[in-house]
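Q: any chance you can model this:
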Amino acid sequence: MAIEGPLRELGLHDVFQLLDLSRKTGVMKVTSTLRNNAGTVAFDGGAIVHAEIRSNPVRLGDLLLKARRISEADLEQAAAIQKREQGARRLGEVLVSMGVLTQRELARQIEFQVTEVVFELLSWQEGFFSFTEGPLHEIPADTEIRIRTESVLMEGARRIDEWSRIESVVPHLGVVPVLAGGDAAGDVAMLDLLPAEWEVLAQVDGERDVREIGASLARSEFEVARTLFGLATTGVIRLEDRGAERRGRDSAGGDAAALLAAAELRIEGGDVAGAREAAQAAASLRPGEPRVHLVLTRAHLREGRLAEAIEEGRRAVRLDPLARDAHRWFALALAASGRFDEAGEQFAQWERLADDATPAADREAIATAKAATHILSQLLGGVRG
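A: Just a heads-up that it's a prediction; the model follows:
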């Protein structure tokens, strides 16, 4: 059985529901030319058992590190064991056998990763999907999971409804939570909060916004926003819209476009720290502006902060899939980190977006970059083999 079609005619919610009710086994592929993105979801008897998305290929080790479930030393030891065993066991299996992670915690983290991918795919309104029925082969999995499709769809619908309530207090992901003053601050230790709420509260430092707290905890932005909504309505914290404050104080000096222009000039002039500061100020005004994240990618890359550069680069291309420079700098950040296969994909997209107006020098640079990443990827693969 094969089902396929454009998303504008048949939404993924309906397709997922059909696969669930008919208990289908197979693989669905979803592509979006506009986003230059693609996702894959595997079903077994109607249940979701795997999902991944090209724009955010989160590795299990990185996910566990961000969630503070393992340490850098644990990850290095597990990688060494994998190498010694020539990849006979997957990373999750090794970590469980080391005793640093339980099977239940491993499954929980993977379920979180899979469901977040599904929620993102369900939000797509354009693109194309195809489902191919048949036995599942070579589905990468660190542990076996089965997620009820009905539960995911219900949670997706609930999130949409709940967002409308949350947005009355948390208007956007760029707001910064700050501990409330007075008696509320003094009574924090007496609060009866759940562990997950304490974890979010511990991240409130008056500097990080909703998005940054989510990244720090390896939690979805929705979960963090929902927790902050509860803390704000009970008076434990207050939420500051720094962008609105700056616009009110100084509309000329606080204008995001002016700040971004200044940031780009500073990068060209070698003032990387100044460029990053200006870009971060612009981010508080326009947290969803792709150019903000492009400038931050360049700044972090210049400073050798590769993990931050990759994260900002990924945000830039997700926000504006047609921005050539975003793909270029994201590719450079990936290449600097040794992730040559992924870098090659971004250089290829940079090339696809080139038009007749693209200078010959740029076209030559694209071809050189693609060739270099391909050679390095082949060499690295040979060393690993």
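Q: okay, CA-based contacts and neighbour counts for the rest of this
A: OK.
Q: sketch out the low-pLDDT regions of this structure for me.
A: Residue ranges of the chain with pLDDT under 70: 1, 34-35, 55-58, 140-143, 181-191, 218, 242-255, 284-285, 287, 354-385.
Q: how about the strands in it?
A: Secondary structure of the chain by DSSP state E: the strands cover 2-6, 26-32, 37-44, 47-53, 128-133, 176-179, 237-240.
Q: Provide the strand pairings for the second one, with the direction of each partner.
A: Strand 26-32 pairs in its sheet with strand 37-44 (antiparallel), strand 128-133 (antiparallel), by DSSP bridges.
Q: now the angle from that strand to strand 2-6?
A: Interaxial angle of strand 26-32 relative to strand 2-6 (axes from the mean of the first three to the mean of the last three C-alpha atoms, to 10 degrees): 10 degrees.
Q: quick one: contacts of strand 26-32?
A: Strand 26-32 has contacts (C-alpha atoms under 8 Å, 6 or more residues apart in numbering) with 37-44, 121, 126-136.
Q: how close does residue 38 sit to residue 203?
A: Counting by C-alpha to C-alpha, to the nearest Å, the gap from residue 38 to residue 203 is 33 Å.
Q: if you could redo that for residue 301, that was the one I meant.
A: Plainly put, residue 301 is 25 Å away from residue 203 if you go by C-alpha to C-alpha.
Q: the residue nearest to residue 203 when sequence neighbours are not counted: neighbour count?
A: Spatial nearest neighbour of residue 203, excluding adjacent residues (C-alpha to C-alpha, 6 or more residues apart in numbering): residue 213 at 6.4 Å. The local packing of residue 213 (other C-alpha atoms under 10 Å) involves 26 other residues.
Q: tell me the contacts of residue 213?
A: With contact taken as C-alpha under 8 Å, 6+ apart, residue 213 is in contact with 200, 203, 204, 224.
Q: mind putting those residues into a markdown table with distance to residue 324?
A: What follows is the contacts of residue 213, written out as a markdown table (distance: C-alpha to C-alpha, whole Å):
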| residue | distance to residue 324 |
| --- | --- |
| 200 | 36 |
| 203 | 35 |
| 204 | 35 |
| 224 | 32 |
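Q: in helices only, show me those residues.
A: Using DSSP state H, the members of these that fall in helices are 200, 224.
Q: residue 51: which of the contacts of residue 213 is nearest?
A: Of all the contacts of residue 213, the one sitting nearest residue 51 is residue 224; the distance, using C-alpha to C-alpha, is 22.2 Å.
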